[in-house]
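Trainee: coordinates only, no sequence provided:
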DNA sequence: AAAAAAGTTGAACGATTGGTTAGTTTTGTC
DNA sequence: GACAAAACTAACCAATCGTTCAACTTTTTT
């Protein structure tokens, strides 16, 4: 029952567990993104992971549990990879970086983006709760930073809530509604160059609306 | 077998049909929007319409047929209510009106917006086919109009595809992801004033990015 | 008013799905 | 290598859902 030695043992012992959970999680994320949250069956996930269905339920009691685990991993990734605003480096740099990071994420983790959007449009309580617990505070901070910049005359005053809503909308679209984007762009697959164009377009739009001159 | 009398009779005869189909269609749209496409059962639609389940299937053979009928009515509404660009009235007026109309639609038909978004994110073949058949041509027309305006020096050259993708993204967000918007705006329900603010914000953003001066 | 057509509906069916169980195999520890 | 814990899995179950059907009523047509 001693603390430290037990921990180490548990860590060693559970490498199978960690490995399988990771496999199931990434597989589930992919299948959820492709098939939709409700259409996805635990059998599909099992097949695609090369595991029997009962094994999925051994690690995740219910489909709901599994979905929430997937969502949690997605939201964790989110938190880790989106940097906060830094007052000192000014609005141009921070807004440019923010948009760039968000679009990179849409491009590099399209499955995560899609699952999150599906959960959000379906108003999954888990995701809503997360937004309430985290994003509101986060927005408050960014708002303060932006107000500082406005006071310093580095940018015009803007409706910060709408600014973030629209940035979020524009950047997510390229991952969540990629089928539509592909059709309008007449491409079979979106390439990095398409995302670069989007990056440039969105950044210019946002900077102009903040009264930050074009370079 | 004569033409005109038969038509009139058919119209009279089928008033029950038309009435019930309309009831089922609007109810289905509402339930689909609230529950999600796959989670919605024909029983739910039946209960909410005050009809027995078998009656739903009398008018729409399968759930898939019903969903496609709902989508078709949504897309028809779309076509009827979004006006095309008019070269003569210039970019400022047309872009402003376009954004205003799109946001009005999101506000006045949130269910339609949501069902469409769900079908799109789920890559329903029916919706994709519609976009291919219709929206690509539409975009082409708008592109020509915009090019005319650019030639006339009324606006700066822009990446038209990205312009429409982002306008679409921003305006749809307020209906499709209203749960998120409500949380960020700290409101229980979105009011008309919120949509007006959004209208102003998005319009300003778009006009600035097109090099059209602020009033 | 008779016949035909359209509309209505309870009941049942077949297929699917999430989840369980009970028993087996593997792994880690002494 | 003995023992316990963890991992694994085939078979099964209860519930749900889309769909069908046959009997019945109402409406329309002749």
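Mentor: Sure, I can see it. Predicted, not measured: the structure shown is a model, and the values here were computed from it.
Trainee: who are the contact partners of the closest residue to residue A:81 other than its chain neighbours?
Mentor: If the residues on either side of it in the chain are set aside, residue A:81 comes closest to residue A:105, at 6.3 Å by CB to CB, 6 or more residues apart in numbering or on different chains. The way it works is simple: take the backbone N, C-alpha and C, and place the C-beta from them, glycine included. Residues in contact with residue A:105 (CB atoms under 8 Å, 6 or more residues apart in numbering or on different chains) are A:78, A:81, A:82, A:112, A:113.
Trainee: name the element residue A:105 belongs to?
Mentor: According to DSSP states H and E, residue A:105 maps onto helix A:90-108.
Trainee: what's the domain layout of chain A?
Mentor: A:3-71, A:82-209 (automatic domain parsing).
Trainee: what helix or strand is residue A:76 on?
Mentor: helix A:63-81.
Trainee: still on that earlier bit, which among the contacts of residue A:105 end up buried?
Mentor: A:78, A:112, A:113 (16 or more other CB atoms under 10 Å in any protein chain shown).
Trainee: my guess is the last one contacts residue A:175. True?
Mentor: Yes: assessed by CB atoms under 8 Å, residue A:113 is found in contact with residue A:175 at 3.7 Å.
Trainee: which neighbours do the two have in common?
Mentor: Here residue A:113 and residue A:175 share the contacting residues residue A:106, scored by CB under 8 Å, 6+ apart.
Trainee: which parts of the longest helix seen in chain A are buried?
Mentor: Scanning chain A for the helix with the most residues, using DSSP state H, yields helix A:15-35. For helix A:15-35, a neighbour-count test (16+ other CB under 10 Å) marks A:20-21, A:24-25, A:27-35 as buried.
Trainee: shaky segments in chain A?
Mentor: A:1-14, A:215 (pLDDT under 70).
Trainee: ok, now with 90
Mentor: Where chain A drops to pLDDT under 90, the residues are A:1-16, A:78-84, A:134-135, A:213-215.
Trainee: how about the residues of it near DNA strand C?
Mentor: A:9, A:12-13, A:15-16, A:40-43, A:53-54, A:57, A:61-64 (CB under 7 Å from any atom of the strand).
Trainee: closest to chain B out of those?
Mentor: Of all those, chain B sits closest to residue A:40, with 9.1 Å by CB to the nearest CB.
Trainee: contacts only, for that closest one.
Mentor: Contacts of residue A:40 by CB under 8 Å, 6+ apart are A:28, A:31, A:32.
Trainee: again, 7 Å this time
Mentor: By CB atoms under 7 Å, 6 or more residues apart in numbering or on different chains, residue A:40 lies in contact with A:31, A:32.
Trainee: of all the buried ones among the contacts of residue A:105, which comes closest to DNA strand C?
Mentor: residue A:112 (20.5 Å; CB to the nearest atom of the strand).
Trainee: which helices and strands does the helix or strand where residue A:183 lies pack with?
Mentor: Remark: residue A:183 resides in helix A:178-185, with elements defined by DSSP H and E. With contacts taken as 3 or more CB pairs under 7 Å, 6 or more residues apart in numbering or on different chains; DSSP states H and E, helix A:178-185 sits against helix B:136-151, helix B:160-176.
Trainee: quick one: closest of those helices to chain A.
Mentor: helix B:160-176 (3.7 Å).
Trainee: run through who's touching the closest one.
Mentor: Residues from elsewhere that reach helix B:160-176 (CB under 7 Å, 6+ apart): A:121, A:165-166, A:169-170, A:173, A:181, A:184-185, A:197-198, A:201-202, A:205, B:99, B:102-103, B:106, B:110, B:113-114, B:117, B:139, B:142-143, B:146, B:181, B:195, B:198, B:202, B:206.
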